[in-house]
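S.K.: below: sequence and its predicted model.
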Amino acid sequence: MAYEWRYTSLFITQINALSADRQEAARKKVEQICIMPEHFDFLHKTDRMQKARVGKYRIFFRVNGNLIEFIEIRKRDVAYKR
């Protein structure tokens, strides 16, 4: 299945704040997600939000049909505190 994707303004702000090498790692992970989003774990079993690991960072995204919405990228130590 071919997927379309969209970035939230929060995601764009957060990825632009990362160092160049971390941005590159995150972009590679985004490419992997766009190819095979079903490979990545759900945040909670009852939630539609999924997560992907990029070193010490986590990318959070949702798949709705053929659209992948990238929500945010946060450092792991604060990513799960809500």
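M.R.: Yep, it's here.

S.K.: Y57 contacts V78, doesn't it?
M.R.: No. Assessed by CB atoms under 8 Å, Y57 is found out of contact with V78, at 10.2 Å. Every residue, glycine included, has its C-beta placed from N, CA and C.

S.K.: between these two, what contacts are shared?
M.R.: Common neighbours of Y57 and V78, counting by CB atoms under 8 Å, 6 or more residues apart in numbering, are absent.

S.K.: more neighbours: which of those two?
M.R.: Under the criterion of other CB atoms under 10 Å, the comparison of Y57 against V78 puts Y57 first, with 19 against 9.

S.K.: quick one, what contacts that one?
M.R.: For Y57, the contact set (CB under 8 Å, 6+ apart) comprises 18, 22, 26, 73-76, 79.

S.K.: can I have the buried ones of those as a PyMOL selection?
M.R.: The buried subset of those, as determined by 16 or more other CB atoms under 10 Å, is captured in PyMOL by this line:
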select buried, resi 18+22+26+73+74+79
